[in-house]
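Asker: Below: sequence and its predicted model.
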Amino acid sequence: MKIGVVGLGYIGSVTSVALAEAGYEVIGVDIDESKVKALSAGEPPIYEPGLKEMLVKNVKRLEFSVDYNKLSEVDLIFVIVPTPNKDGKIYLKYVDDVVENIKKVNKNAIVIIKSTVLPGTASNLMQKTGMIIVSNPEFTKEGSAIDDTLKPDRVVIGGNNKNAIEKVKKIWEFTKSPIIETTNENAEMIKYASNSFLAVKVSYINEIANLCEKVPNCDVEVVARGMGLDKRIAPYFLKVGIGFGGSCFPKDTMAFISFARDLNESLSIIESAVSVNKSRILRIVSLLEDKFKDVETTTKIGVLGLTFKANTDDTRESQSIKLVESLLSKGFKVNAYDPMAKVKLDNINLFSSSEECIDNSDAIVIATEWPEFKDLNIKNKFVIDMRRMLSLNSDPNLKIVGYYG
Ligand code: UGA
């Protein structure tokens with residue numbers, strides 16, 4: 001079976017390679033020639049653990065192109081392009097354009113929407129284009145995207161055409177994961193309800209962490225462990241941190257909130273989660289302002305970690321970057337180090353090792369949970385450990401002056 005994939009970004013490139021690994025012939029299309037060239041040369045355009053090896057291994061079953069005509073003979077075509085926010089609302093132009101382009105070369109293809117789109121989008125597209133559209137949201141996490149694609153917790157398939165649903169089910173049968181077969185709207189809603197729920201979970205534990213800081217002998221890590229052992233709660237997404245970032249949670253929560261408002265409903269729990277997330281940054285900045293009241297303009301803050309989480313090079317909507325911007329706006333000097341981020345930031349000093357960054361800074365904020373930060377040797381510096389890395393360090397000689405986030 002030959003499968004088409006349009007959009008070769010973080011999710012599209014992983015999906016293409018994972019489908020090839022499962023034995024399918026895959027033709028991946030993207031308008032960005034540099035991505036196509038890189039993938040054709042066996043070089044993923046992004047960092048994702050295991051992706052390069054799997055790409056090289058399956059090169060015979062993979063073809064990448066900028067030419068939509070390559071899809072003219074393909075029955076099943078995934079759409080995996082971004083759905084960003086514009087003025088607080090979902091921006092669907094990329095999805096719309098891709099579906100129109102597919103229609104031009106292959107109007108009988110079954111279009112499978114993996115991009116995150118609001119409930120009703122697939123139905124609207126079906127009306128507009130007359131094409132068969134199946135909704136098949138993804139639940140992969142950057143950093144473990146290959147495993148999540150090959151062995152997902154569940155596969156959700158929505159549509160109103162039995163034959164098309166059966167074909168999409170067949171694609172994912174190899175995963176042996178439970179399959180939920182439903183309407184397009186339910187499939188679309190499941191994606192937003194899931195991402196928003198996880199965002200709520202993260203903000204929930206971050207707010208409990210604030211409270212634990214005020215109560216003697218209280219440690220949010222222990223509290224989270226105690227909560228997570230309850231099967232109804234589960235231990236995942238209860239890791240205290242700098243708040244959620246990335247290309248998904250921030251935009252999806254915003255789009256979902258505004259979708260509900262347009263229907264005269266309010267998603268007040270999700271709205272609160274978003275505002276708790278914003279306050280995470282303000283909390284760090286005000287701690288540093290309290291600590292360095294008089295020397296603000298010369299105080300150098302070292303931010304360790306710029307990606308939105310570990311095991312990715314992705315800095316989109318990263319809370320660390322928001323922290324950097326906020327610190328600069330308050331007059332602090334900012335140093336930073338990240339092992340993987342490819343980012344250009346004005347007015348900061350980017351170091352090539354954490355040691356250098358630490359040596360040149362008056363205070364340190366650990367913002368991303370890169371494993372290498374567990375072994376840091378920081379002496380006599382004010383440390384805000386937002387990811388609870390150093391508390392995992394058992395070195396009895398390590399003396400941290402300051403505060404654990
Ligand atoms: C998220 C979802 O987890 C995926 O299921 C979904 O497919 C994806 O969005 C998407 O919509 O495409 P991802 O953005 O890769 O995946 O990142 P997560 O691992 O979910 O982390 C999101 C943010 O929450 C990160 O900034 C992370 O550091 C933070 N987080 C996560 C915590 O602070 N604590 C936790 O316990 C978990």
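Answerer: The structure has been received and is ready for your questions.
Asker: CA only for contacts and neighbour counts going forward, please
Answerer: Fine.
Asker: At the contact with the ligand, which residues of the stretch 151-300 of the chain appear?
Answerer: 195, 202, 236-241, 243-249 (Cα under 6 Å from any ligand atom).
Asker: Now with 5 Å, please.
Answerer: Counting by Cα under 5 Å from any ligand atom, the stretch 151-300 of the chain comes close to the ligand at Phe237, Leu238, Lys239, Gly241, Gly243, Phe244, Gly245, Gly246, Cys248.
Asker: With neighbour count added, can I get those residues in a markdown table?
Answerer: What follows is these, written out as a markdown table (neighbours: other Cα atoms under 10 Å):
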| residue | neighbour count |
| --- | --- |
| Phe237 | 17 |
| Leu238 | 22 |
| Lys239 | 20 |
| Gly241 | 24 |
| Gly243 | 27 |
| Phe244 | 24 |
| Gly245 | 23 |
| Gly246 | 17 |
| Cys248 | 20 |
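Asker: from those, which is closest to Ile366?
Answerer: Comparing those against Ile366 with Cα to Cα places Gly241 closest, at 9.6 Å.
Asker: Could you tell me what pLDDT the model assigned to that closest one?
Answerer: Looking at Gly241, its pLDDT reads 94.
Asker: So the residue positioned nearest the centre of the chain: helix, strand or coil?
Answerer: The structure's the chain has its C-alpha centroid closest to Gly246; by Cα atoms, centre = their mean the separation is 4.2 Å. The three-state assignment at Gly246 reads coil, by DSSP: H, G, I helix; E, B strand; the rest coil.
Asker: surely it meets Thr315?
Answerer: Yes: under the criterion of Cα atoms under 8 Å, Gly246 makes contact with Thr315 at 6.9 Å.
Asker: okay, and the common contacts of these two?
Answerer: Residues within reach of Gly246 and of Thr315 at once, by Cα atoms under 8 Å, 6 or more residues apart in numbering, are Phe308.
Asker: so what's the residue nearest to the centre of the chain up against?
Answerer: Neighbours of Gly246 in contact, by Cα under 8 Å, 6+ apart: Phe308, Lys309, Asp314, Thr315, Arg316, Glu317, Ser318.
Asker: Could I get the residues you listed in a markdown table, plus columns for distance to the ligand?
Answerer: Output for these, formatted as a markdown table (distance: Cα to the nearest ligand atom, whole Å):
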| residue | distance to the ligand |
| --- | --- |
| Phe308 | 5 |
| Lys309 | 4 |
| Asp314 | 9 |
| Thr315 | 10 |
| Arg316 | 10 |
| Glu317 | 9 |
| Ser318 | 7 |
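Asker: May I see the ChimeraX selection of the buried members of those?
Answerer: To isolate the buried ones among these in ChimeraX, judged by 16 or more other Cα atoms under 10 Å, type:
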select :308,309,314,315,316,317,318
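Asker: if you look at the contacts of Gly246, which of them are in strands?
Answerer: In this view, the contacts of Gly246 have no member that belongs to strands under DSSP state E.
Asker: Sort out which one of the contacts of Gly246 lies nearest Met227 for me.
Answerer: Distances from Met227 to the contacts of Gly246, taken by Cα to Cα, are shortest for Lys309, at 23.0 Å.
Asker: Without its sequence neighbours, what residue ends up closest to the closest one?
Answerer: Thr368 (5.4 Å; Cα to Cα, 6 or more residues apart in numbering).
Asker: what's the distance between stretch 181-195 and the middle of its chain?
Answerer: Computed by Cα atoms, centre = their mean, to the nearest Å, the chain-centroid distance of stretch 181-195 equals 18 Å.
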